[in-house]
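[1] okay, predicted coordinates and the sequence, questions at the end:
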Amino acid sequence: MAKITERDIKESIADAIQYISYYHPEDFVKGMVEAYEKEKSEAAKNAIGQILI
């Protein structure tokens, strides 16, 4: 039987957080694109653009 170590758990959590920070579901991306296209404030549009990038 394999032993799960503290390091294994930390690495797994770090990998999950890294994945979550970069992956967004398709419906979220589509919603952000719509918001970007409708936004009138240049500052807000830039902020949305950064999220999309």
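    Sure thing, it's come through.

[2] which residues of the chain fall in helices?
    For the chain, applying DSSP state H gives helices covering 6-22, 26-38, 42-52.

[3] buried residues in the last one?
    Going back to what we said before, that points to helix 42-52. Across helix 42-52, burial judged by 16 or more other Cβ atoms under 10 Å covers residue 48. For every residue, glycine as well, the C-beta is placed using N, CA and C.

[4] model confidence over that helix, on average?
    Taken as a whole, helix 42-52 has an average pLDDT of 93.

[5] for it, which outside residues touch it?
    The contact list for helix 42-52 (Cβ atoms under 8 Å, 6 or more residues apart in numbering) reads 29, 32, 33, 35, 36, 39.

[6] next, the angle helix 26-38 makes with it.
    Here helix 42-52 runs at an angle of 160 degrees relative to helix 26-38 (axes from the mean of the first three to the mean of the last three Cα atoms, to 10 degrees).

[7] just how off-centre is helix 42-52 within its chain?
    Centroid separation for helix 42-52 versus its chain: 15 Å, with Cα atoms, centre = their mean, to the nearest Å.
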